[in-house]
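Novice: take this sequence and fold it.
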Amino acid sequence: LNALLIAAVYLSYCLFNKIRVNNVVQKSIAEQQIPAVDYMAAPAPLSNFLWYVLARSKSDHYVAFYSVFDSKKELVFQKIPRYDSLLKPYESNEEIQKLERFSKGFYSIRQQDTMLVFSDTRFGQLGGWAVKDPGFVFNFDLKPQTDGKLLIEQSKFADADKRAIGSLYDRIKGN
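Specialist: Numbers count the residues shown, from 1 in each chain. Just a heads-up that it's a prediction; the model follows:
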């Protein structure tokens with residue numbers, strides 16, 4: 001019975017934080033006139049106190065981290081271009097269409113050497129609260145082949161920046 005009570009209290013606190021964070025997100029988007037068509041807020045790794053916020057416009061993403069202990073109730077967004085025009089040559093590719101549907105429009109494309117990297121931005125950034133431009137956690141490598149086809153492989157997960165992991169507690173404490 002005690003375990004159920006503790007779980008219920010924790011879940012209630014999580015719900016309270018989610019509602020509070022969503023209010024801060026909506027207010028920040030409106031005040032900063034970000035042309036968001038959609039947004040999401042999710043707890044950062046290992047914590048219900050630090051939240052990863054992602055707003056999506058037609059051409060860009062806006063990423064922020066918010067601690068429930070932040071003294072300022074506003075977000076500082078980093079603008080990340082979607083660069084979805086890089087997918088134009090592959091718009092009829094069924095696998096690319098599946099990736100776009102799976103990501104629900106929350107994706108970004110970047111050129112890396114001879115391939116493209118498709119990042120599902122919903123899954124966050126490793127250490128985005130501490131490291132500038134850390135990249136996203138969940139990626140696919142899109143490799144054009146000599147026969148005109150496109151090879152799609154899930155990227156290896158990058159190692160977490162040790163400075164970022166070490167600073168997680170500091171960021172949770174608020175700014």
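
Novice: start to end distance for stretch 103-115?
Specialist: For stretch 103-115, the first-to-last residue distance is 19 Å (Cα to Cα, to the nearest Å).

Novice: and for stretch 64-73?
Specialist: Start-to-end span of stretch 64-73 (Cα to Cα) is 12 Å.

Novice: contacts for it?
Specialist: The contact list for stretch 64-73 (Cβ atoms under 8 Å, 6 or more residues apart in numbering) reads 17, 20-21, 24-25, 27-28, 41, 44, 49-53, 75-78, 128-129, 171-175. For every residue, glycine as well, the C-beta is placed using N, CA and C.

Novice: again, only using 10 Å
Specialist: Residues outside stretch 64-73 that contact it (Cβ atoms under 10 Å, 6 or more residues apart in numbering) are 13, 16-17, 20-21, 23-25, 27-29, 39, 41, 44, 47-55, 74-78, 124-125, 127-130, 170-175.

Novice: do stretch 4-19 as well
Specialist: Applying Cβ under 10 Å, 6+ apart, the contact partners of stretch 4-19 are 41, 42, 43, 48, 49, 51, 68.

Novice: repeat the analysis, applying 8 Å as the threshold.
Specialist: Outside stretch 4-19, the residues within contact range by Cβ under 8 Å, 6+ apart are 41, 43, 48, 49, 51, 68.

Novice: so what's the residue count around the first one?
Specialist: The tally of other residues near residue 41 (other Cβ atoms under 10 Å) stands at 20.

Novice: same deal with the second one?
Specialist: Counted by other Cβ under 10 Å, the residues lying close to residue 43 total 16.
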